[in-house]
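# kindly generate the corresponding structure for this input.
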Amino acid sequence: MFDSFKGMVGNATLELSAQFLLRIYRDIPGTKLALFSKVAYITSSNFIKFRDYFKAEYKAGFVCKANTFDNVKGEFPIGFFIWDLAVKKDFPSITTDVYLTHKEEIFKQEGTKTFFPASKGKLSIDWLRKVFNEENERIAYLRLHRNDIQNKKAVFITSKPSESDFIKHEAVSVTKNNLIEMAIYCAIRQVTEATWLNDKDNFQYPDSKWETDLEFQSDCLTTVLFDNGIRSAHGVNHWIPFAEKDVNARTNFESHFMTSFISGKTVQNGYSGLVFDSDKKNKPLKFSNEAKAVFKAGKKLWSYYHQQPTANANASLYDIREFFQGRNDASNGCVGKMNIKSGDTQYNSLISELRSALKILAIKIQPKVYEHGFLGSKI
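Predicted coordinates for the structure are as follows:
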């Protein structure tokens, strides 16, 4: 029945709510339509073709938590949307009321929420593609995945993507010429908290204001420097954020790329340096107090690690965590999972201090994600 639709709207026909919308749209034209449904057909990149076909005027609506409904356990938005099918028009965004359950009241309005449909050429991945670079020396890979907040944990810096990542074209090279953009793309995913209301929101093509916001660039670079999946066992570690003298390393590092990139020049409890833009002109980085606090906490951790007799001079943060935390036993020849904590109380204190500093930095970056247009308006 839906084969004819599939040619027009692709895999959107797999959604029951989309099937309902398509039948009503085709067979009862010009009507007013109101329905409860998930928001995928409004926001998802899988529904771009569907939205090219389904042209209607959004009139009003609200969203609430899915588990408000009987026999629904998930925490995601379900909306009641009213459409006028007689008016054929695109909907670049829709704004809904938001209702939550409360003890005193069955429902209480909690502001509004604007949903922005994913559009070809207007997503953050479209912005990032402009700086894909396979010509310069690779210092890492950025692991890509879907463009919504829900899949944020699947985007990270790594030294060794999986074979599946290469097959799916979900691994791209990080080089000196695109490091800042790659760091921004990764950091904005890391610092944005997924909630029941925003997890289907898509990261968008930003405006140009980020290009002159050197503090934002530096904050994002700091975030990925101290939160990545780099491992020295997978090749030369280009992500050491300190010089040997800073952490009392016993031997020289194999790479000084990162300290050269940020110039390694200490200034008043922090760091400053130079970033090379596409025109090869030097631009000074501007590290915020929150970023400096991350470097300060990281330096304590690296210094403590290098006091250990068997310390690996080229260790990454992942290596340091593995050294102190160890792994649990695993059967069938598999490697065990890294333990959550270490028996070394000083290490536990130092890694906790670093994570706390990163959380504070994340809070500072979050408003800029919206200000620079990577995400639409908040609730």
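
# if I read this right, Glu15 contacts Ser44, doesn't it?
No: with contact defined as Cβ atoms under 8 Å, Glu15 does not reach Ser44; the gap is 9.2 Å. In short, each C-beta sits where N, CA and C put it, glycine included.

# now do the buried residues in the helix ranked longest in the chain.
Ranked by residue count, the top helix of the chain under DSSP state H comes out as helix 345-371. Taking 16 or more other Cβ atoms under 10 Å as the basis for neighbour counts, the residues of helix 345-371 that come out buried are 347, 350-351, 353-354, 357-358, 361-362, 364-366, 368-369.

# now do stretch 187-207
Result for stretch 187-207 [16+ other Cβ under 10 Å]: buried residues 187-192, 194, 196-206.

# pLDDT below threshold where in the stretch 151-300 of the chain?
For the stretch 151-300 of the chain, residues meeting the criterion pLDDT under 70 lie at 264-284.

# average pLDDT for the longest helix of the chain?
Model confidence over helix 345-371, given as mean pLDDT, is 98.

# how about stretch 30-47?
The predicted confidence, averaged over stretch 30-47, sits at 92.

# sticking with Ile78, tell me its helix or strand.
When secondary structure is defined using DSSP states H and E, the element that contains Ile78 is strand 77-84.

# who touches that strand?
32-39, 42, 56-66, 68-69, 72, 94, 96, 113, 196-197, 200 (Cβ atoms under 8 Å, 6 or more residues apart in numbering).

# those residues, buried ones only, as a ChimeraX selection?
To isolate the buried members of the contacts of strand 77-84 in ChimeraX, using 16+ other Cβ under 10 Å:
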select :33,37,38,39,42,56,58,61,62,63,64,65,94,96,113,196,197,200
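
# from the contacts of strand 77-84, which land in strands?
Using DSSP state E, the members of the contacts of strand 77-84 that fall within strands are 32-38, 57-65, 94, 96, 113.

# among the buried residues of stretch 187-207, which are in helices?
Reading helices off the buried residues of stretch 187-207 with DSSP H, I get Ala187, Ile188, Arg189, Gln190, Val191.

# turn those into TSV, including distance to Val155.
Below are those laid out as TSV (distance: Cβ to Cβ, whole Å):
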residue	distance to Val155
Ala187	10
Ile188	9
Arg189	5
Gln190	8
Val191	12
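
# out of those residues, which comes closest to Lys122?
Ranking these by separation from Lys122, with Cβ to Cβ as the measure, puts Ile188 on top at 15.9 Å.

# thought the closest one was touching Asp219?
No: taking contacts as Cβ under 8 Å, Ile188 lies outside contact range of Asp219: 10.4 Å.

# give me the common contacts of the two.
Ile365.

# please name the nearest non-neighbouring residue to Asn198.
With sequence-adjacent residues excluded and distances taken as Cβ to Cβ, 6 or more residues apart in numbering, Asn198 is closest to Ile149, at 5.5 Å.

# how far away is the closest residue to Glu57 other than its chain neighbours from Tyr58?
Excluding the flanking residues, the one nearest Glu57 by Cβ to Cβ, 6+ apart is Val87, at 3.7 Å. Between Val87 and Tyr58 the distance is 10 Å, computed by Cβ to Cβ, to the nearest Å.

# Asn348 contacts Ile340, doesn't it?
No: look at Asn348 against Ile340 with Cβ under 8 Å: they stay out of range, at 10.0 Å.

# how far away is the closest residue to Gly326 other than its chain neighbours from His256?
On the basis of Cβ to Cβ, 6+ apart, the spatially nearest residue to Gly326 that is not a chain neighbour turns out to be Asn339, at 5.4 Å. Applying Cβ to Cβ, the value for Asn339 to His256 is 32 Å.

# what ranges do the strands span in the stretch 201-350 of the chain?
Assignment of strands within the stretch 201-350 of the chain using DSSP state E, counting those that start in this stretch yields the ranges 265-267, 270-272, 274-276, 282-284.

# closest to Ile262 out of the ones in helices among the buried residues of stretch 187-207?
Of all those, the one with the least separation from Ile262 (Cβ to Cβ) is Ala187, at 15.2 Å.

# my read: the closest one touches Asn228, true?
No: under the criterion of Cβ under 8 Å, Ala187 lies out of contact with Asn228, with a separation of 10.4 Å.

# what is the burial count for the residue nearest to Gly326?
Burial of Asn339, expressed as a neighbour count using other Cβ atoms under 10 Å, amounts to 14.

# contacts only, for it.
Neighbouring residues of Asn339 by Cβ under 8 Å, 6+ apart: Gln325, Gly326, Arg327, Asn328.

# what residues are bridge-paired with the third one?
Bridge pairing for Arg327 (DSSP bridges) gives the partners Met338.

# residues in contact with it?
For Arg327, the set of contacting residues under the criterion of Cβ under 8 Å, 6+ apart consists of Val335, Gly336, Lys337, Met338, Asn339.

# want to throw these into JSON lines with pLDDT?
Converted to JSON lines, those look like this (pLDDT from 0 to 100):
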{"residue": "Val335", "pLDDT": "71"}
{"residue": "Gly336", "pLDDT": "81"}
{"residue": "Lys337", "pLDDT": "89"}
{"residue": "Met338", "pLDDT": "93"}
{"residue": "Asn339", "pLDDT": "93"}
